[in-house]
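In: A predicted structure for the sequence below; I have some questions about it.
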Amino acid sequence: MNEKDIKAFETLISLLTNVSMGLILKDLKNNIVRVNEHAAKVINKKSEEIEGKSCEELFGEMGKNSL
């Protein structure tokens, strides 16, 4: 990673950590890469139970085609 990429990553992590709303970061295959504390509370699970799962696995049919 170059310095610009590192700064962008640090900004993203700061946003996920400090924003006062639930945020879920997904990859292009609809898998959850990162979730902040607020989203975990809404889903009623620990972030470790959410990260790495597909949206379909977590939300059922509703998560299958989520954006």
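Out: Received the coordinates, thanks.
In: what about the longest helix in this protein?
Out: Ranked by residue count under DSSP state H, the longest helix found in the chain is helix 3-18.
In: buried residues, it. List them.
Out: The neighbour-count check on helix 3-18 (16 or more other CB atoms under 10 Å) flags residue 16 as buried. C-beta here means a position set from N, CA and C on the backbone, and glycine is covered the same way.
In: and it, what's its mean pLDDT?
Out: In this model, helix 3-18 has a mean pLDDT of 88.
In: got a list of contacts for the helix or strand following that helix?
Out: Per DSSP states H and E, the first helix or strand lying C-terminal to helix 3-18 is strand 24-26. With contact meaning CB atoms under 8 Å, 6 or more residues apart in numbering, strand 24-26 is reached by 12, 16, 32, 33, 34, 35, 36, 39, 50, 55, 66.
In: what's the ChimeraX line that selects buried ones from those residues?
Out: Command for ChimeraX that selects the buried part of these, burial taken from 16+ other CB under 10 Å:
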select :16,32,34,35,36,39,50,55
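In: for this protein, which residues score under the pLDDT cut-off?
Out: Counting by pLDDT under 70, the chain has low-confidence residues at 66-67.
In: if you set the cut-off to 90 instead, what comes out?
Out: Residue ranges of the chain with pLDDT under 90: 1-2, 5, 9, 12-20, 25, 60-67.
In: show me what contacts residue 34?
Out: Here residue 34 is in contact with 16, 24, 25, 47, 51 (CB under 8 Å, 6+ apart).
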